[in-house]
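[1] sequence? don't have it. structure:
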């Protein structure tokens, strides 16, 4: 019996993307060129990177790649980097996050368990203790994990800009409600 399959993976990815979109909406457009340190992405660049990154998994899934040695990485990454580099307004970036996120989630939720169980050879691991092949399910988790990594960077940037991330505000509200005497609403 499987408790976590394609539908759950798609739903969890949508939740992660929804939170990323909320961050993108809350950061003022005039701060989109902010970068935390030299040689790091700006907020706009990070959002574009997050938006198009699932395309790699879509590519290997649609092309039924079972060995990453079959992937011609340079043109694939050049195409993705060119898409990331396109100048976009805040509204355009948010639309890209929504469209690309839904494209990925809609594809994932249709996958049968047999596809999720397929093995994909990933011969690039430097650590001999790490298996060199993974299930396609595990591979499809990576866009969510990758996005959460970059979303954490965005949340640090929000703090650097003097903003309180929405997830922090929500936790603060829950804590205030839990500490409020019965029948009283926190201020």
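    Here it is on my side, so go on. For clarity, every value in this text was computed on a predicted model and none was experimentally measured.
[2] Can you check the pLDDT for the closest residue to residue 20 other than its chain neighbours?
    Closest residue to residue 20 apart from its sequence neighbours, by CB to CB, 6 or more residues apart in numbering: residue 151 at 5.2 Å. Where you see a C-beta, it was placed from the backbone N, CA and C, and this is true even at glycine. Looking at residue 151, its pLDDT is 96.
[3] ok, residue 151 to residue 12 distance?
    With the distance defined as CB to CB, to the nearest Å, residue 151 ends up 13 Å from residue 12.
[4] Same check on residue 162?
    In terms of CB to CB, residue 162 sits 31 Å off from residue 12.
[5] So which of those two has more stuff around it?
    residue 12 (15 against 7; other CB atoms under 10 Å).
[6] what comes into contact with the helix or strand containing that one?
    Assigned by DSSP states H and E, residue 12 falls within helix 6-26. For helix 6-26, contacts defined as CB atoms under 8 Å, 6 or more residues apart in numbering pick out 47, 50, 90, 93-94, 97-98, 101-102, 104-106, 108-113, 116, 137, 140-141, 143-144, 147-148, 151, 154-155, 158, 163, 165-167.
[7] Kindly report the same for stretch 42-52.
    20, 24, 27, 31-35, 41, 80, 83-86, 88, 90, 93, 96-97, 100-101, 146-147, 150-151, 153-154, 157.
[8] so what's residue 117 up against?
    135, 136, 137.
[9] cool, and residue 151?
    16, 19, 20, 23, 50.
[10] Could you turn the buried ones of the residues you listed into a PyMOL selection?
    Here is the PyMOL command that selects the buried residues among the contacts of residue 151 (16 or more other CB atoms under 10 Å):
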select buried, resi 16+19+20+23+50
